[in-house]
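Visitor: coords below, sequence missing:
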């Protein structure tokens, strides 16, 4: 690569390798650059302060950032969805019973640090999976 660049002035090199201005300035590419360059905000367990996931791993499911569900005992839970939760341990057998997301099986998701119940791990038969975590059990670290 160095041999190919010899003899090029810096401005020539820039114009040969610059990004397409339309793509570079599109909202989608700006969002991607911000995600790639901004530090990920850690989300930690409220009990033991262990890292659980990051703000970057949060996503919308069924067009919503937050969901409110009732379990079979009538207890309400608010959950936010995350692609990954490296600080969670998934326990139990996957269950289809009373799943809050159609077509998904669920397991309990516990804090790896202290064992606190933080939410659920959801997976379907096509291999798609995510975590539904309870925001009141988490803290967004600065």
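Guide: Thanks, I have the structure now. Since the structure is predicted, the reported quantities are computational estimates derived from the model, not experimental observations. Numbering: from 1, shown residues only.

Visitor: Now for the most centrally placed residue in the chain: which residues touch it?
Guide: Centroid-nearest residue in the chain: residue 57, 1.5 Å away (criterion: CA atoms, centre = their mean). Residues near residue 57 by CB atoms under 8 Å, 6 or more residues apart in numbering: 40, 82, 83, 84, 85. Yep, even glycine has a C-beta here, placed from its N, CA and C like the rest.

Visitor: any idea which of those is the one closest to residue 70?
Guide: Checking the contacts of residue 57 against residue 70 with CB to CB, the nearest one is residue 82 at 21.3 Å.

Visitor: So that closest one versus residue 61, what's the distance?
Guide: 10 Å (CB to CB, to the nearest Å).

Visitor: Of these two, which one has the most company?
Guide: residue 82 (26 against 18; other CB atoms under 10 Å).

Visitor: So that one versus residue 52, what's the distance?
Guide: Distance of residue 82 to residue 52, given as CB to CB: 9 Å.

Visitor: One more: residue 95?
Guide: According to CB to CB, residue 95 stands 22 Å off from residue 52.

Visitor: State the number of residues packed around residue 40.
Guide: Burial of residue 40 is recorded as 11 neighbouring residues (other CB under 10 Å).

Visitor: how about it, what does it touch?
Guide: Residue 40 makes contact with 54, 55, 56, 57, according to CB under 8 Å, 6+ apart.

Visitor: Those in helices, which ones?
Guide: Secondary structure of the contacts of residue 40 is defined by DSSP state H; no position falls in helices.

Visitor: Give the buried subset of those as a ChimeraX selection command.
Guide: A single ChimeraX command selects the buried members of the contacts of residue 40 (16 or more other CB atoms under 10 Å):
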select :54,56,57
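
Visitor: can the contacts of residue 40 go into a markdown table with extra columns for distance to residue 124 and pLDDT?
Guide: Converted to a markdown table, these look like this (distance: CB to CB, whole Å; pLDDT from 0 to 100):
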| residue | distance to residue 124 | pLDDT |
| --- | --- | --- |
| 54 | 23 | 97 |
| 55 | 25 | 95 |
| 56 | 23 | 95 |
| 57 | 18 | 96 |
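
Visitor: Please consider this matter closed, and thank you.
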